[in-house]
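> predicted model follows, preceded by the sequence.
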2 protein chains.
Amino acid sequence: MADKQRRAMLSAYFPILEWGRTYNRSVLTNDMMAAVIVTIMLIPQSLAYALLAGLPPVVGLYASILPLVLYAIFGTSRTLAVGPVAVVSLMTASAAGAVAAQGTAQYMEAAITLAALSGVMLAVLGFLRAGFLANLLSHPVISGFITASGILIATSQVKQILGISAGGDNWPDMLGGLAATIADTNPATLAIGIPATLFLFWVRKGAKPALQRLGLAPRTAEMTAKAGPVVAVALTILAVLAFNLDAQGVKLVGAIPQGLPPFAVPSTDLALIERLWVPALLISIIGFVESVSVAQTLAAKRRQRIAPDQELIGLGAANIASAFSGGYPVTGGFARSVVNFDAGAETPAAGAFTAVGIALASLFLTPLLFNLPVATLAATIIVAVLSLVDLKTPGQLWRYSKADFAAHIVTIGITLLAGVELGVIAGVGVGLLLYLWRASRPHAAIVGRVPETEHFRNVERHSVFTVPHVLSIRIDEALTYLNARWLEEYVLEQTADRPAVRHVILMCSAVNEIDASGLESLEAINHRLGDGNIGLHLSEVKGPVMDRLKRTHFLDELNGKVFLSQDRAFTELSRDTGEPPPPVDHYLARGMI
Amino acid sequence: MADKQRRAMLSAYFPILEWGRTYNRSVLTNDMMAAVIVTIMLIPQSLAYALLAGLPPVVGLYASILPLVLYAIFGTSRTLAVGPVAVVSLMTASAAGAVAAQGTAQYMEAAITLAALSGVMLAVLGFLRAGFLANLLSHPVISGFITASGILIATSQVKQILGISAGGDNWPDMLGGLAATIADTNPATLAIGIPATLFLFWVRKGAKPALQRLGLAPRTAEMTAKAGPVVAVALTILAVLAFNLDAQGVKLVGAIPQGLPPFAVPSTDLALIERLWVPALLISIIGFVESVSVAQTLAAKRRQRIAPDQELIGLGAANIASAFSGGYPVTGGFARSVVNFDAGAETPAAGAFTAVGIALASLFLTPLLFNLPVATLAATIIVAVLSLVDLKTPGQLWRYSKADFAAHIVTIGITLLAGVELGVIAGVGVGLLLYLWRASRPHAAIVGRVPETEHFRNVERHSVFTVPHVLSIRIDEALTYLNARWLEEYVLEQTADRPAVRHVILMCSAVNEIDASGLESLEAINHRLGDGNIGLHLSEVKGPVMDRLKRTHFLDELNGKVFLSQDRAFTELSRDTGEPPPPVDHYLARGMI
């Protein structure tokens, strides 16, 4: 028994023990197939995203080896493909760029340290079971952030297509930089960049039907289309060689060190850590939210489940591995996970096989990439991220909820104008403020009895029966510190407006909790109503709430009674002759409450 | 009509127009009486709190003149007495001490700038109607903060009673400082400090009964007892003169500049403002919460009302006035407001008369205070703040709610160990985290029909009727981004556990709102259930929620129906023969939903 429990706990922390037990040859074949396809897709992507992060292209390969193995051991998604992704790369560039210049050893060190910090944070949050923190990012904030990041990333790559050098951390600066240097456009680079971009756009939309017309089966056609970026890479390398474009000013990837990832050590410099921990936290949370959304979507399709808190540990381990093998922050990528899923991956072993594929590539393939134009990688990025830009959501949100629209637009605006970090923080902040604002004005209604029934409904929406000396208020929310002040104001105001009232009944059928602040407000209401000789009564108090109230003096001091049902409360109190009600003990002693 | 509206709006912003219209001689007499009593109480208090804030005593008088006049014009409480208070003085000392040394012109400038920043922040929050922000401070956090501040303040004054100089911003440092220098205790100071403290403790508890025994009426006895600190001041001044205690090392208040408050200008140095804005915000919120609690308590006793958002403007004006007249941050004080109320103050004019009293004191009385021992003021502070320390609350909270207890204890602990600013921030942070944690796990129940009725109740608490192919889930909370992820997990998990289920009904009687994230989760649930050929139905959707859903595509895509009542939904679906339900249009067209 104890043995079984231990095994269950081990499996929770090491999901590999679970799926590893039933691993067989057929699963192996499927996982290998998927790994081959994802590897082909991941090579140009990881080079491109490393460039986007301001790092040497090879760092993208390093970040796609060990992290995948670690996620395969600790992650709970069967099909999530981990590695460098666009948004996290942009955030890395922003954070590392704030402490060092691109191309310096300090910049590389900052990227490694970000991965380490982010890994430790994710793992700690996982052990603390604090996945709920990701709830702070609402859908409108996430989608606003992704849209704005997509715009920023695409804009940042335009210079590579034009062959100019323009800087800028925010959108106005980027556009200004492009406008200032557009006259320096390199025609040869443009001649590579524009066709590559158009080709990749076509691959995304038109390649699958075209391949089907050539006789390929739909699934084969779709998988083949995913190799589009590899085709673009090969064709542009050939073009560079054929037309000697290097001499005409086309920027090439150049020499990529051959070999397996080096052993790297993150910085332990406290001053650096102090400057990096906020961006590392934001990278962790954004990466986690993106990753979990993808993993959940894919798991549901096969009726599998993921464990969000264990996902934190899996992504944490992947990032720590990335740090120690010369990489930078990684997370689960949307596009590549879908490819992995569609290609038939059945277990996380597919991820480990992908790692082997990338390792082989960095051992043997990198010399072939010497002549790869940077413009080709930029085209890959632009085409990939423009699909993230979602222009329909703002209109939908505007129609559905102005508050959600506000959070969405603020996130987009601040991200474009002030960068990714402030964008996320502002989005979370606005979301919370709006939530608190609404939570501080909960719903409540004056209710009356629906004739000939025991039901009580809102007097403003139904024709119901009331009596002038009894005021029944239905509270539609838990009583917490966020609305405690409102409760006092609301009840006393409603009572003050009705001079005939001698009894107030709070109908608590929807009150799931009363926290200490809510209790204090109830006590204050009780005393103030008592001063005016008005009784305070409660009806339909839920069991767990009542249990807790019994542990306090509130019921002893209550200037009225607690009724099982609103109907009994109303019936009894509307017959009241005006004498003050007996203390609660009276009823407790008689077993009436 | 427009004229009447304009007047109502003017009165909202200038409450003085409201009560000023009915002002008469009898009200004047009452206000004057109250002002005399409050003035007598306020003189030693304002000197003492200025010393606590690390400022020259006269600054306490300055902060008790113009601010009171401005509050009388803009404030909505009839009886709130504004001026320097203990907790805000401690916070001022902490904030100003972080940018300059006590006794320097920079320190004074920091205090003035804090008042200005705090005033502007309060006024802006008032115009934005953002009083709800004060909700972030729950009762347990406020009471923990006040208790810890009381302990810190009392400890900080012990050195003045002993006549030694010991520093420290947090409790361990203060205690260490006292222990290190206790050997230097000045006997003459102790001979003043100990009797003064004991006398003031006795005044608080024993003076009223003693005066009654001497034949005074209860109310007169109570009011006379409030003059206790003035008696202590007079007696210790006489003792200094009689025994020439100055020569024996007793620290005296010394020369206080005579005259009305100077015109001062807050700093506009951005670097200083950047360092002071966080403490200024905390001072504003703590001051506002303290003040509003007092004002509400007193207003309710006379069935009056206060307007929290206008209170922000009133306190903001008071603080701006304090800044421009050489004062420091002020707010409504608890003890003095109660005295003002009990002494019969009827309108804010009492506050303005108190200002006149303090102005007269600073014109003519200050030479008399030359020989006042600082130990006497320290005794006043110690006796006043020890009543703030509440040792019963932790036990009560522990029994009532572990989460509230945690917020309370963390606030006390961090305030004592790391100071007032971090204490407030930690308290708000812990409160929010616990709230978010609970909000991310809302209440929901699987329900079944109570036999022979139309009621549906929790299957775990009642014996109810269910059928295996229909799963009814009652959601007891609004669907917001904080619980959107939970909703998906919960519904899919419950469905996955019951393979026979063909219909899921979400009973929405308690769902007051569905935000955009909640809607996305519903859509995701709908798609995933649809993949498994399970229908998703809603019942008892509230009117406003339904109106918003109709503005989206959700109802078109819904893989089931919307029922007016849970009873109808259950009756119809439990009869279902297993065919997929028609699309929602079918029912919409027939007017069935």
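Looks like it arrived, so ask away. Numbers count the residues shown, from 1 in each chain, chains lettered A, B, ... in the order given.

> quick check: A:V410 touching A:I425?
No - with contact taken as Cβ atoms under 8 Å, A:V410 and A:I425 are classed as non-touching, separated by 10.8 Å. Every residue, glycine included, has its C-beta placed from N, CA and C.

> more neighbours, the two?
Per other Cβ atoms under 10 Å in any protein chain shown, whichever of A:V410 and A:I425 has more neighbours is A:V410, with 20 against 15.

> look up how far A:G429 lies from the more buried one.
9 Å (Cβ to Cβ, to the nearest Å).

> off-centre distance for the helix ranked longest in chain A?
Under DSSP state H, the helix in chain A containing the largest number of residues is helix A:270-301. Centre-to-centre, helix A:270-301 and its host chain are 8 Å apart (Cα atoms, centre = their mean, to the nearest Å).

> counting by contacts, list what that helix packs against.
Counting contacts by 3 or more Cβ pairs under 8 Å, 6 or more residues apart in numbering or on different chains; DSSP states H and E, helix A:270-301 packs against helix A:86-97, helix A:105-127, helix A:139-162, helix A:308-324, strand A:331-332, helix A:334-342, helix A:420-439, helix B:516-531.

> tell me the angle of it relative to helix B:516-531?
With axes from the mean of the first three to the mean of the last three Cα atoms, to 10 degrees as the criterion, the two stretches helix A:270-301 and helix B:516-531 enclose an angle of 40 degrees.

> pLDDT of helix A:270-301, averaged?
Regarding helix A:270-301, the rounded mean pLDDT is 86.

> buried ones in that helix?
Neighbour counts over helix A:270-301 (16 or more other Cβ atoms under 10 Å in any protein chain shown) mark A:272, A:276, A:279-300 as buried.

> figure out which of the helices and strands packed on helix A:270-301 is closest to B:Q566.
Proximity of those to B:Q566 was assessed by Cβ to Cβ; the nearest stretch is helix B:516-531, lying at 17.3 Å.

> chain center to the closest one: distance?
40 Å.

> who are the packing partners of the helix or strand following that helix?
Beyond helix B:516-531 in the direction of the C-terminus, DSSP states H and E gives the next helix or strand as strand B:535-539. Using 3+ Cβ pairs under 8 Å, 6+ apart as the contact criterion, the elements in contact with strand B:535-539 are strand B:503-507, helix B:516-531, strand B:562-563, helix B:566-574.

> starting from strand B:535-539, tell me which strands it pairs with and how they run.
With DSSP bridges as the test, strand B:535-539 is paired with strand B:503-507 (parallel), strand B:562-563 (parallel).

> whatever helix or strand comes next after that strand near chain A at all?
The helix or strand immediately downstream of strand B:535-539 is helix B:543-549, counting by DSSP H and E. Yes - for helix B:543-549, a contact with chain A is found by Cβ under 8 Å from any Cβ of the partner chain, at B:G543, B:R548.

> state the phi and psi torsions of A:L482.
Summarising the backbone geometry of A:L482 under the convention degrees, to the nearest 10, its torsions are phi -70, psi -30.

> what ranges of chain A fall below the confidence cut-off?
Per-residue confidence of chain A (counting by pLDDT under 70) places the weak regions at A:1-2, A:4, A:300, A:303, A:577-593.

> give me the most central residue, it.
When chain A is reduced to its mean C-alpha position, the closest residue under Cα atoms, centre = their mean turns out to be A:V289, at 2.6 Å.

> wait, isn't that residue in contact with A:I142?
Yes - the criterion here is Cβ under 8 Å, and A:V289 meets it with A:I142 at 6.1 Å.

> closest residue of the stretch 51-200 of chain A to chain B?
Among the residues of the stretch 51-200 of chain A, A:S138 lies closest to chain B, at 3.4 Å counting by Cβ to the nearest Cβ.

> before we move on, back to that, shared neighbours, A:V289 and A:I142?
Taking Cβ atoms under 8 Å, 6 or more residues apart in numbering or on different chains as the contact definition, A:V289 and A:I142 share no neighbouring residue.

> list the buried ones in stretch A:103-115?
The neighbour-count check on stretch A:103-115 (16+ other Cβ under 10 Å) flags A:Y107, A:M108, A:E109, A:A110, A:A111, A:I112, A:T113, A:L114, A:A115 as buried.

> excluding its backbone neighbours, what's nearest the third one?
Spelled out, that is A:E109. Closest residue in space to A:E109, ignoring its immediate chain neighbours: A:S267 at 5.2 Å, by Cβ to Cβ, 6 or more residues apart in numbering or on different chains.

> roughly how far apart are that neighbour and A:A111?
Spatial separation of A:S267 from A:A111 under the definition Cβ to Cβ is 11 Å.

> over to A:S337?
When distances are taken as Cβ to Cβ, A:S337 and A:A111 turn out to be 23 Å apart.

> contacting residues around stretch A:25-38?
Under the contact criterion Cβ under 8 Å, 6+ apart, stretch A:25-38 has outside partners A:81, A:223, A:226-227, A:336, A:339-340, A:343-347, A:349-351, A:353-354, A:356-357.

> got a ChimeraX select line for the buried ones in those?
Selection of buried members from the contacts of stretch A:25-38 for ChimeraX, criterion 16+ other Cβ under 10 Å:
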select /A:81,223,226,227,336,339,340,343,344,345,346,347,349,350,351,353,354,357
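
> so which of the contacts of stretch A:25-38 are in helices?
Secondary structure defined by DSSP H assigns A:M223, A:R336, A:V339, A:N340, A:A349, A:A350, A:G351, A:F353, A:T354, A:V356, A:G357 of these to helices.

> ok, for the second one, nearest residue in space, not its chain neighbours?
The shortest distance from A:R336 to any residue that is not its chain neighbour, by Cβ to Cβ, 6+ apart, is 4.1 Å, and that residue is A:A81.

> so A:I446: helix, strand or coil?
Using DSSP: H, G, I helix; E, B strand; the rest coil, the structure places A:I446 in strand.

> nearest residue to it other than its sequence neighbours?
Excluding the flanking residues, the one nearest A:I446 by Cβ to Cβ, 6+ apart is A:V459, at 5.0 Å.

> thanks again, I'm all set now.
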